[in-house]
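In: pasted the sequence and its predicted model underneath.
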Amino acid sequence: MRLEHGIVLFTFAVVSSNRVQMPDLSSASVCRPWRCHGTDNRSLINNLYAGHIIQSKEVRDTLYQVDRGHYVPSDQIISAYDEAPLGIGFGQTISTPHMHVKAMEELLPVIETSHRTHPIHILDVGSGSGYLSAAFGRLFHVLDIPEGTVYGIDSIQEGLVDVLSNANI
């Protein structure tokens, strides 16, 4: 992750488990992501926070305001608060909640320190339902950052109407 010309560049990488300090998952206080389901948005976020998947209050408070149920098709609403990817049409899925949390937690320190020197711009490639883009946009408000922009792009134009509707644009 690095900042270039006011744009945060972020890449997920797969790293062998023998080269990474793995968290102690034997503790009862640590929730494995697949056990952090909720019955509504608040309970999902509370479970992810209680399970130490969400590390910061800023990400927690942001995700309270971005209801995952608004970003899935109506036939998937019963599963919207599961810790699982869900089909959103056009051969795409909305990622698991813990993957969205991971992206937000990784970028949070960069956003918090960089916004003091220049506006923050985030590019969400493959934005799908628009959930993560909306969450980053809401994070700017939680952090009281006056200048920040999130760009969501996707190759599936048919989903754009749903994204605009979800984001209340």
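Out: Nice, thanks for sending it over.
In: ok, M104 - contacts?
Out: For M104, the contact set (CB atoms under 8 Å, 6 or more residues apart in numbering) comprises V59, T62, L63, L132, A135, F136, L139. Every C-beta, even on glycine, is put in place using the N, C-alpha and C of the backbone.
In: okay, those residues in CSV with neighbour count next?
Out: Supplementary listing: those in CSV, determined by neighbours: other CB atoms under 10 Å:
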residue, neighbour count
V59, 25
T62, 24
L63, 26
L132, 23
A135, 23
F136, 25
L139, 26
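In: of those, which pair is most distant in space?
Out: V59 and L132 (11.8 Å; CB to CB).
In: one step back: in helices, which of the contacts of M104 appear?
Out: Mapping the contacts of M104 onto helices (DSSP state H) picks out V59, T62, L63, L132, A135, F136, L139.
In: which residues of this structure fall in helices?
Out: 41-50, 57-64, 97-114, 131-142, 160-166.
In: out of the ones you listed, which comes closest to G87?
Out: Counting by CB to CB, G87 lies closest to helix 160-166 out of these; the figure is 12.8 Å.
In: spell out for me which residue occupies the centre of the protein.
Out: Centrality entry for the chain: nearest residue to the mean C-alpha point is H100, 2.7 Å, by CA atoms, centre = their mean.
In: which one is that one nearest to, not counting chain neighbours?
Out: L132 (5.2 Å; CB to CB, 6 or more residues apart in numbering).
In: quick one: the one you found and D124 touch, right?
Out: Yes: at 5.5 Å, L132 counts as touching D124 under the criterion of CB atoms under 8 Å.
In: any regions of the chain where pLDDT drops low?
Out: 1-34, 157-169 (pLDDT under 70).
In: 90 - rerun?
Out: Low-confidence segments of the chain (pLDDT under 90): 1-37, 51, 73-76, 88-93, 114-119, 126-130, 146-148, 152-169.
In: run a quick neighbour tally on the residue nearest to Q92 when sequence neighbours are not counted.
Out: Once flanking residues are discounted, Q92 sits nearest to G128: 5.0 Å by CB to CB, 6+ apart. Neighbours of G128 under the rule other CB atoms under 10 Å: 22.
In: surely G128 touches G89?
Out: No: using CB under 8 Å as the test, G128 is too far from G89 to be in contact (9.6 Å).
In: having no further points to raise, I will conclude here.
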